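> With the sequence up front, the predicted model follows.
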Amino acid sequence: MLTIICGEDTIASRNYFVSLKHNFSSQGIEVRNLKFEEITDLLNWSADSPSLFFEKRVFFSEHIIGKIKKDNKIIVSLLQKINSKREVHLFNWESISSWELKFKKIGQIKEFKPNQTIFKLLDSLYPGKRADFISILDVLASDLDENFIFQMLVRYTRNLILTKEGVNLSSLQTWQMLKYKSQANHWKTENLINFYEALFKIEVGIKTSNNPFPSIKSLEILACHFL
């Protein structure tokens, strides 16, 4: 069986992927990590006898689906065959949403969707919406990982900048592009770029533990300055 672990909440999906590995290992099951080029050998390996120390074996991979070219029918067929075999277990992690997957019918999908309130936060990301933004942020801060909140804001702000500069984001649907254009119109280009740079610095500070203020507090200060 092939299980594709994905979702916009990449932190939750990644944590689940890692926890699966730990759970299998703790049960005495051999965990084998596969690279993309090794997928063609998976069925042969699964037929081999497990090692002396393990009675069962499971396989883990990352970004396999994203690396498949649309004309690569051999890999697609192989993954479909893997999915049809109950005795074979392959767990693949993708850092995208299920609707972004090029191939959706070659395995079981376990998707991690973010708290819907995060989209309300993104919708309030423009000048004049400071109170709404901070209010929604306070709600999210007690429920979501702060790294995920910053990842979403950084990516969303980057798309706003690209939209304002007239870049066509081919990965977005029409209604999403219209939404970005409408929201970008509320910003002055210079302010939007400055906001993005400040947001990015806070995110880096979180990852390197160099941020002098609590990260959510830093975001509130940023909102007071720009929104």
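Okay, I see it. Residues are numbered from 1 along each chain as shown.

> alpha carbons only for contacts and neighbour counts from here, please
OK.

> for residue 107, what are its contacts?
Residue 107 makes contact with 1, 2, 3, 4, 79, 80, 83 under the criterion CA atoms under 8 Å, 6 or more residues apart in numbering.

> three-state assignment of the closest residue to the fifth one other than its chain neighbours?
With CA to CA, 6 or more residues apart in numbering as the criterion, residue 79 has its nearest non-adjacent residue at 6.3 Å, and that residue is residue 106. Classification of residue 106 into helix, strand or coil gives coil, according to DSSP: H, G, I helix; E, B strand; the rest coil.

> Now do residue 106, the pLDDT please.
You'll see residue 106 listed with a pLDDT of 87.

> What ranges does the chain have for its strands?
Secondary structure of the chain, counting by DSSP state E: strands at 2-6, 29-34, 56-62, 90-93, 108-111.

> got the angle for the third one vs strand 2-6?
When you say that, I think you mean strand 56-62. Inter-element angle recorded for strand 56-62 and strand 2-6: 40 degrees (by axes from the mean of the first three to the mean of the last three CA atoms, to 10 degrees).

> who are the neighbours of strand 56-62, in terms of helices and strands?
Judged by 3 or more CA pairs under 8 Å, 6 or more residues apart in numbering; DSSP states H and E, strand 56-62 is in contact with strand 29-34, strand 90-93.

> Could you break the chain into its assigned domains?
Domain assignment of the chain by automatic domain parsing yields the ranges 2-111, 117-226.

> Least reliable of those by average pLDDT, please.
Lowest mean pLDDT of these: domain 2-111, a mean of 85.

> First-to-last residue distance for it?
14 Å (CA to CA, to the nearest Å).

> what do you get for stretch 109-121?
Its start and end residues considered, stretch 109-121 measures 27 Å (CA to CA).

> Buried residues of it, list them for me.
Under the neighbour-count criterion of 16 or more other CA atoms under 10 Å, stretch 109-121 has 109, 111, 112, 114, 118, 121 buried.

> Return the most buried member of the helices and strands packed on strand 56-62.
Neighbour counts (mean count of other CA atoms under 10 Å) averaged over each of these peak at strand 90-93, with a mean of 22.

> who does that strand pair up with?
Partners of strand 90-93 in the sheet, by DSSP bridges, are strand 2-6 (parallel), strand 56-62 (parallel).

> Of all these, which one comes closest to residue 16?
strand 2-6 (8.3 Å; CA to CA).

> Which residues outside that closest one are in contact with it?
Counting by CA under 8 Å, 6+ apart, 13, 17, 79, 82-83, 89-98, 106-112 sit against strand 2-6.

> Give me the distance between that strand and the centre of its chain.
Relative to the chain's own centre, strand 2-6 is displaced by 13 Å; criterion: CA atoms, centre = their mean, to the nearest Å.

> Also stretch 162-174?
Going by CA atoms, centre = their mean, where stretch 162-174 is centred and where its chain is centred differ by 19 Å.

> can you pull the buried residues of that stretch?
Buried residues in stretch 162-174, defined by neighbour count with 16+ other CA under 10 Å: 162, 163, 164.

> Endpoints of it, how far apart?
15 Å.
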